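Trainee: Next one to model:
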Amino acid sequence: MRVLIVDDEPGIRKTTGLTVEMMGHEVVAAPNGLRALKALEEAPCDVCFLDVNLGTEDGLTVLEKLLQAQASLVVVMFTAFANISTAVEAMRRGAFDFIPKPFTPDQIRQVLEKISKSRKLEQRVQQLETQLTEQTPQIDFTSGEPVVQRVLQMAFKAAESSASILILGPSGTGKSILAREIHRRSSQKDNAFVTVNCPSLSRELLESELFGHVKGSFTGAVVDTFGKVAAADGGTLFLDEIGEMPREIQPKLLRLLQEREYERVGEAKVRRANVRVIAATNRNLAEEVKGGKFREDLFYRLNVINLALPGLKDRPADLLPIAESYCAFFAAGLGKKTKGLSQSVREAFVRYAWPGNLRELRNVIERAVILASGDVIEPVDLPEEFSHQMDSSIAVGARATLDQLETEHIRRVLASARNLDEAARTLGIDPATLYRKRQKLGLL
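Mentor: Numbers count the residues shown, from 1 in each chain. This next block holds a predicted model:
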């Protein structure tokens with residue numbers, strides 16, 4: 001690492017520099033804040049050892065100037081006047097650590113090792129985030145469907161607040177993806193986004209996972225544990241499939257939402273957490289309330305902002321653009337030259353019901369790209385359930401009603417058009433008329 005030592009005492013600069021160099025790091029020294037800023041202008045540094053008392057200068061003021069010049073700089077404070085208030089103030093202004101004078105070479109070595117481990121951990125997190133990005137198709141939060149447009153507009157406007165949000169919709173419609181995007185656009189974005197999958201654990205384990213537990217509170221509790229609520233403090237807690245949450249835990253969640261308070265399992269101490277809660281479910285919670293399976297007060301507390309994501313079959317304007325984007329993503333990742341979908345595949349996709357929604361579409365496209373031998377995905381590359389879709393079209397002159405012919409024609413035009421406006425122009429009608437026809441023919 002490149003280490004900047006800022007101290008008005010030449011002896012301190014020399015001895016500290018020798019210790020740092022013996023550890024294999026590069027050293028830059030400066031007697032005051034001005035020279036330190038100039039050193040950062042010449043080349044960025046990784047670490048800075050900064051004296052609190054720089055002659056006539058205030059080291060805490062210099063600290064702020066250094067961090068303004070280079071936000072990534074890790075600053076460790078030196079002081080001959082060690083006290084708690086100075087340490088707290090230095091940390092408040094952005095210092096990483098605090099070493100009192102006189103210090104030993106071993107103290108310097110320890111803090112540099114601590115910084116090095118922290119840097120490696122940050123680099124590992126960045127690598128994992130990069131891998132995750134490379135393995136996940138980029139999400140385009142735009143839509144050609146008015147219903148979805150309204151949902152997204154409401155979601156991103158609500159993201160700016162701290163209000164609880166309830167996301168409804170069938171499985172596979174992207175509820176968790178939308179929740180993460182809401183967090184990314186919120187004031188809590190720099191803090192954690194923590195997910196709890198409510199159906200995955202028993203009542204006892206789910207309560208422990210949420211709120212934590214103390215040693216000995218139940219069989220297997222061999223150490224104290226802080227739960228997901230504590231991990232999400234200052235950030236977002238995403239409760240996936242909250243309709244599956246046992247009724248016994250619901251009052252504790254309600255307390256967290258209302259009072260920002262909770263208790264770990266087996267502990268009487270009241271703890272506080274400032275978390276923004278986003279919940280999602282594929283169930284009809286209003287019906288669950290009527291049936292006594294979900295608390296009415298919790299439902300209303302969660303349901304401040306209600307976002308209903310439609311299934312993929314109700315998003316015909318989005319289906320093919322999403323399919324094409326998946327195709328491009330998987331082709332790039334697999335090194336294939338697949339450029340898109342054949343016309344017959346596009347028509348089959350429009351006719352298919354997509355019970356698994358976006359999750360199913362992604363899996364179908366990934367499989368098809370792997371199997372495709374040509375430049376485009378062909379019917380032979382699709383799973384068997386699509387085979388009957390290829391034979392279900394209605395030809396002109398066939399024994400079919402006008403409504404059936406019109407429905408089939410509109411399906412085909414939608415399959416080939418890039419968007420609803422283009423489809424309306426092809427059909428010779430305005431978009432509003434096309435919307436009404438789709439509604440009448442069950443194509444919404």
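
Trainee: and residue 30, what pLDDT?
Mentor: Per-residue confidence (pLDDT) for residue 30: 93.

Trainee: nope, residue 393 is what I meant
Mentor: 55.

Trainee: Tell me how far residue 253 lies from residue 211.
Mentor: Noted for residue 253: a distance of 9 Å to residue 211, by Cβ to Cβ, to the nearest Å. All C-beta spots, glycine's among them, are computed from the backbone N, C-alpha and C.

Trainee: Check residue 421 too.
Mentor: Taking Cβ to Cβ as the measure, residue 421 falls 51 Å from residue 211.

Trainee: How far does stretch 272-279 stretch from one end to the other?
Mentor: 20 Å (Cα to Cα, to the nearest Å).

Trainee: before we move on, the earlier item: out of residue 421 and residue 211, which sits in the more crowded spot?
Mentor: Higher neighbour count among residue 421 and residue 211: residue 211, with 24 against 14, using other Cβ atoms under 10 Å.

Trainee: Please report how far the spatially most central residue of the chain lies from residue 29.
Mentor: The centre of the chain sits closest to residue 180, judged by Cα atoms, centre = their mean, with a distance of 3.6 Å. Computed with Cβ to Cβ, the distance linking residue 180 and residue 29 is 45 Å.

Trainee: Please apply the same query to residue 308.
Mentor: For residue 308, the distance to residue 29 equals 62 Å [Cβ to Cβ].

Trainee: Please apply the same query to residue 421.
Mentor: Residue 421 is 65 Å from residue 29, by Cβ to Cβ.

Trainee: Kindly report the same for residue 437.
Mentor: According to Cβ to Cβ, residue 437 stands 77 Å off from residue 29.

Trainee: Tell me where the stretch 201-350 of the chain has helices.
Mentor: Using DSSP state H, counting those that start in this stretch, the helices of the stretch 201-350 of the chain run over 203-211, 228-231, 250-259, 285-290, 296-302, 316-334, 343-351.

Trainee: Which of those helices sits closest to residue 148?
Mentor: Among the helices of the stretch 201-350 of the chain, the nearest to residue 148 by Cβ to Cβ is helix 316-334 (6.7 Å).

Trainee: Quick check: mean pLDDT of the closest one?
Mentor: 91.

Trainee: Please apply the same query to stretch 367-380.
Mentor: Mean pLDDT, computed over stretch 367-380, is 92.

Trainee: Domain-wise, how is this protein divided?
Mentor: 2-124, 146-310, 313-441 (automatic domain parsing).

Trainee: Was I right to think residue 253 contacts residue 237?
Mentor: No: contact criterion Cβ atoms under 8 Å: residue 253 and residue 237 do not qualify, at 9.6 Å.

Trainee: Overlap in contacts, the two.
Mentor: Shared contacts of residue 253 and residue 237, defined by Cβ atoms under 8 Å, 6 or more residues apart in numbering, are absent.

Trainee: Provide a list of residues in contact with the residue nearest to the centre of the chain.
Mentor: 193, 238.

Trainee: looking at this, it is in a helix?
Mentor: Yes: secondary structure of residue 180 (DSSP: H, G, I helix; E, B strand; the rest coil): part of a helix.

Trainee: so how far is residue 73 from it?
Mentor: The spacing between residue 180 and residue 73, counted by Cβ to Cβ, is 30 Å.

Trainee: Under the pLDDT cut-off, which ranges of the protein? List them.
Mentor: 81-84, 126-138, 387-400, 415-416, 418, 442-444 (pLDDT under 70).

Trainee: what's the burial count for residue 439?
Mentor: By other Cβ under 10 Å, 10 other residues sit near residue 439.

Trainee: What residues does it make contact with?
Mentor: Residues near residue 439 by Cβ under 8 Å, 6+ apart: none.

Trainee: May I ask which helix or strand encompasses it?
Mentor: helix 431-441 (DSSP states H and E).

Trainee: try residue 36
Mentor: helix 33-42.

Trainee: And that helix, what does it pack against?
Mentor: strand 2-6, strand 26-30, helix 59-69 (3 or more Cβ pairs under 8 Å, 6 or more residues apart in numbering; DSSP states H and E).

Trainee: ok, 6 Å please
Mentor: Packing partners of helix 33-42 (3 or more Cβ pairs under 6 Å, 6 or more residues apart in numbering; DSSP states H and E): strand 26-30, helix 59-69.

Trainee: Now tabulate the ones you listed in CSV and tack on mean neighbour count.
Mentor: CSV is the format used below for the helices and strands packed on helix 33-42 (neighbours: other Cβ atoms under 10 Å):
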stretch, mean neighbour count
strand 26-30, 19
helix 59-69, 18
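
Trainee: Could you say which one of these comes nearest to residue 293?
Mentor: Nearest of the helices and strands packed on helix 33-42 to residue 293, taken as Cβ to Cβ: helix 59-69 at 52.1 Å.

Trainee: Direction-wise, compare the closest one with helix 33-42 and give the angle.
Mentor: Per axes from the mean of the first three to the mean of the last three Cα atoms, to 10 degrees, the angle that helix 59-69 makes with helix 33-42 is 20 degrees.

Trainee: Name every strand pairing with the helix or strand following helix 59-69 and say which way it goes.
Mentor: Counting by DSSP H and E, the next helix or strand C-terminal to helix 59-69 is strand 74-79. Neighbouring strands of strand 74-79 in its sheet, by DSSP bridges, are strand 47-51 (parallel), strand 97-100 (parallel).

Trainee: residues making contact with the strand or helix carrying residue 368?
Mentor: For residue 368, the host element (DSSP H and E) is helix 357-371. Helix 357-371 has contacts (Cβ atoms under 6 Å, 6 or more residues apart in numbering) with 170, 172-174, 311-312, 323, 326-327, 330-331, 336, 338, 354, 377, 381-382.

Trainee: do that again at 7 Å, thanks
Mentor: For helix 357-371, the surrounding residues in contact (Cβ atoms under 7 Å, 6 or more residues apart in numbering) are 170-174, 311-312, 322-323, 326-327, 330-331, 334, 336, 338, 354, 377, 381-383.
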